[in-house]
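Asks: Sequence and predicted structure, then a few things I'm wondering about:
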Amino acid sequence: MNKAEIRELNTKDLKDRVQMEKAEYVKMKLDHAISPAENTSNLRKVRKGIARTLTELRRREINGQK
């Protein structure tokens, strides 16, 4: 999901998405620990997606305080 798509979502949807992506990331890490994943770059993509979503949530929090 790119920045433009993230900015279109409302705050509640972003929070739900963060929880969903974190759960997916933990599952992927556990699966990788048991048997090595073919494409480990997916772990990095999910982690970056979480970071982008959290960044947008923080930006909205800061703009709401001003």
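Replies: That came through, no problem.
Asks: Show me the shaky parts of this structure.
Replies: Residues of the chain meeting the criterion pLDDT under 70: 66.
Asks: where exactly do the strands run in it?
Replies: With DSSP state E as the definition, the chain shows no strands.
Asks: residue contacts, Arg17?
Replies: For Arg17, the contacting residues are Leu9, Thr53, by Cβ atoms under 8 Å, 6 or more residues apart in numbering. Using the backbone N, CA and C atoms, a C-beta is placed for each residue, glycine as well.
Asks: switch the cut-off to 10 Å
Replies: Met1, Ile6, Leu9, Gly49, Ile50, Thr53, Glu56, Leu57 (Cβ atoms under 10 Å, 6 or more residues apart in numbering).
Asks: what does Ala51 give?
Replies: By Cβ under 10 Å, 6+ apart, the contact list for Ala51 reads Val18, Glu21.
Asks: how far away is it from Glu8?
Replies: Remark: distance between Ala51 and Glu8 (Cβ to Cβ, to the nearest Å) = 18 Å.
Asks: Then Gln65?
Replies: 22 Å.
Asks: And Met1, by the same measure?
Replies: 10 Å.
Asks: ditto for Thr55
Replies: 15 Å.
Asks: Looking at those two now, which is surrounded by more residues?
Replies: Thr55 (12 against 9; other Cβ atoms under 10 Å).
Asks: and Gln65, how many residues sit next to it?
Replies: 6.
Asks: typo on my end, it should be Asn39
Replies: Counted with other Cβ under 10 Å, Asn39 comes out at 7.
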